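Trainee: Okay, structure incoming, though there's no sequence with it:
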């Protein structure tokens, strides 16, 4: 299992567009994508234009299949057009966590 964190900073006028026109219509499809165990959207307490996605994938191959999919390509193109800054992303595996297996 891997976890993926993506930090996205939006232009103030781009945030409502992302939330209502990009994220809302696609979130169920992303969550249902094969290999996706979980996906949530978080908002910074310091800057409301900064959002994070936290997703959990079966493995790096599952994440890569999603990243190569038409769903991702279409969604990411619409999303990055709304950015104030370039996105940052990290992929990590669990080293230690209570009640979670290490993989």
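Mentor: Arrived safely, thanks for sending. All values derive from a computational prediction rather than experimental measurement.

Trainee: Quickly list what the residue found closest to residue 23 once you drop the neighbours it is linked to in the chain is bridged to.
Mentor: Of all residues not flanking residue 23 in the chain, residue 41 sits nearest, at 6.4 Å (CB to CB, 6 or more residues apart in numbering). In short, each C-beta sits where N, CA and C put it, glycine included. Counting by DSSP bridges, residue 41 forms beta bridges with residue 53.

Trainee: Figure out the helix or strand that residue 77 lives in.
Mentor: In this assignment (DSSP states H and E), residue 77 forms part of helix 70-80.

Trainee: where are the low-confidence patches of this protein?
Mentor: 100-103 (pLDDT under 70).

Trainee: And the helices in it?
Mentor: Secondary structure of the chain by DSSP state H: the helices cover 14-17, 24-31, 60-67, 70-80.

Trainee: In JSON lines, list those along with mean neighbour count and distance to residue 6.
Mentor: Formatted as JSON lines, those follow (neighbours: other CB atoms under 10 Å; distance: least, CB to CB, whole Å):
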{"stretch": "helix 14-17", "mean neighbour count": "16", "distance to residue 6": "15"}
{"stretch": "helix 24-31", "mean neighbour count": "13", "distance to residue 6": "12"}
{"stretch": "helix 60-67", "mean neighbour count": "15", "distance to residue 6": "11"}
{"stretch": "helix 70-80", "mean neighbour count": "14", "distance to residue 6": "10"}
